[in-house]
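S.K.: Here's my sequence, what's the structure:
(one chain, ligands or ions: 1)
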Amino acid sequence: MGPCGARDVVLGERFRVTAARRSLRTLLDVHCADLGACRQCGHSDASVVPILSEARSPKVMLVGQAPGKVELDVRRPFAGRAGKTLFKWLERAGLDEHEARESIYISAITRCYPGPSPTGRGDRVPSLRERSECGSWLDEELRLIRPELIIPVGRLAIDRFLGPLPLENVVGRIHENRNQDTLARVIPLPHPSGASSWPNVPANRVLLDAAIDLLRVELQRLCIGKPMSQTRRTA
Ligand code: SF4
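M.R.: Residues are numbered from 1 along each chain as shown. Below you'll find the model as predicted:
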């Protein structure tokens, strides 16, 4: 019996884990109801609402930058072009999109669509005030979920967990983040929006491949996703 099956052998432990997951589900339901009603940043457009994750029993958190217009329209994180690329990367790590949305809590630095960039290229980068105000929701999720693995996606999210280091220094490596008494592993990914050419540079593609390999190993360790033998190693 492998380590994933062995975990369920001790009945007392299984009951403890099941009870904890059930209570996490309730806590996240309440948290998301509160978050969904947040209008703290005072957007002038009343149709701009926070975009919420679907996962309720996660051991893993993925943290993006902010939702885009497509995400606002369908009320789902990473529902647009960036999501297509992100879920391709996760599939290579052993999780299809459905599994990923079920087992990974998708959070973000800010939860509301910030509107288009004044330059006309892409979306506006959330202001420092918005990041700071919205940060309390992320802090609360880290406290509730106590994730064993955190996947920061893109510059702002990577800064939040690892500080302002060049992507070349952090992508393709495994890091640690302490949140109160919980130590999480951190595997950063570049932003998949296509706005940055970083992932297209050959040397950076090697780093991205290494990050996906690390993700596959960590997800297996957490008993999430397909066994390694069924996982494609390349795009
Ligand atoms: S961006 Fe965050 S803090 Fe601001 S209104 Fe949306 S959920 Fe609330």
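
S.K.: Could you use CA atoms for every contact and neighbour count after this?
M.R.: OK.

S.K.: Glu91 - nearest residue in space that isn't next to it in sequence?
M.R.: Glu97 (7.2 Å; CA to CA, 6 or more residues apart in numbering).

S.K.: Tell me the spacing between the one you found and Asp123.
M.R.: 24 Å (CA to CA, to the nearest Å).

S.K.: now the one residue sitting closest to the centre of the chain, what's its secondary structure?
M.R.: What sits nearest the mean C-alpha location of the chain, by CA atoms, centre = their mean, is Leu62, with 1.0 Å. Classification of Leu62 by DSSP: H, G, I helix; E, B strand; the rest coil places it in strand.

S.K.: and it, what does it touch?
M.R.: Leu62 makes contacts with Ile104, Tyr105, Ile106, Ser107, Ala108, Ile150, Ile151, Pro152, Val153, as judged by CA atoms under 8 Å, 6 or more residues apart in numbering.

S.K.: Give me the neighbour count for the third one.
M.R.: Ile106 is surrounded by 24 other residues when neighbours are defined as other CA atoms under 10 Å.

S.K.: same thing with the second one?
M.R.: Around Tyr105 there are 25 other residues, counting by other CA under 10 Å.

S.K.: wait, is it part of a strand?
M.R.: Yes: assessed with three-state DSSP, Tyr105 lies in a strand.

S.K.: ok, the closest residue in space to Leu90 that isn't next to it in sequence to the ligand distance?
M.R.: Spatial nearest neighbour of Leu90, chain neighbours left out: Asp96 (6.8 Å); criterion: CA to CA, 6+ apart. With distances taken as CA to the nearest ligand atom, to the nearest Å, Asp96 is found 27 Å from the ligand.
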